[in-house]
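S.K.: When you get a sec, could you give me coordinates for this:
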Amino acid sequence: MATRYTDEFRRDAVRIATTSGLTRPQAASDLGVGLSTLNKWVQKHQHDDLMSGPHEDVEKENERLRKEVRLLREEREVLKKAAIFFAGQSR
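M.R.: Below is the predicted model:
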């Protein structure tokens with residue numbers, strides 16, 4: 001009886017096989033799948049977006065960076081106004 005793997009497992013296996021730096025035989029052995037099976041999955045999914053799926057960490061980081069950019073822009077505007085004010089005071 002053949003083992004059925006979930007789509008998530010297959011996607012993760014393809015990601016590991018293509019980005020981990022391991023050889024395909026090493027990756028297949030570590031994942032507990034046959035080399036030919038892993039090669040078929042990689043061939044089938046080589047054009048898929050490897051980042052498809054949940055991106056919670058990336059989304060959280062993007063939100064944090066957006067807040068930081070907003071804060072830095074506000075601070076820059078305050079500094080511009082202060083520079084203009086003090087430039088006028090020295091005359």
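S.K.: The residue most central in space within the chain: what secondary structure?
M.R.: Compute the mean C-alpha point of the chain, and by Cα atoms, centre = their mean the closest residue is V58, 5.9 Å away. Here V58 is recorded as helix under DSSP: H, G, I helix; E, B strand; the rest coil.
S.K.: ranges for the helices of this protein?
M.R.: All helices of the chain, identified by DSSP state H, fall at 7-19, 24-31, 35-45, 56-89.
S.K.: Tabulate these in a markdown table, adding columns for mean pLDDT.
M.R.: Compiled in a markdown table, the helices of the chain are given as follows (pLDDT from 0 to 100):
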| stretch | mean pLDDT |
| --- | --- |
| helix 7-19 | 88 |
| helix 24-31 | 91 |
| helix 35-45 | 90 |
| helix 56-89 | 91 |
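S.K.: how close does A17 get to D57?
M.R.: In this view, A17 and D57 are 22 Å apart by Cβ to Cβ, to the nearest Å. (C-beta placed from N, C-alpha, C; glycine too.)
S.K.: Comparing those two, which residue is more hemmed in?
M.R.: More neighbours surround A17 than the other of A17 and D57, with 23 against 8 (other Cβ atoms under 10 Å).
S.K.: Look up how far Q89 lies from the more buried one.
M.R.: Noted for A17: a distance of 66 Å to Q89, by Cβ to Cβ.
S.K.: Likewise for L79?
M.R.: L79 sits at a distance of 15 Å from Q89 (criterion: Cβ to Cβ).
S.K.: of the two, who's got more company?
M.R.: L79 (10 against 7).
S.K.: how far away is that one from R73?
M.R.: Between L79 and R73 the distance is 11 Å, computed by Cβ to Cβ.
S.K.: Also I16?
M.R.: Counting by Cβ to Cβ, the gap from I16 to R73 is 40 Å.
S.K.: okay, those two: which has more neighbours?
M.R.: I16 (17 against 10).
S.K.: so what's that one closest to, chain neighbours aside?
M.R.: Excluding its sequence neighbours, the residue lying closest to I16 (Cβ to Cβ, 6 or more residues apart in numbering) is A27, at 5.5 Å.
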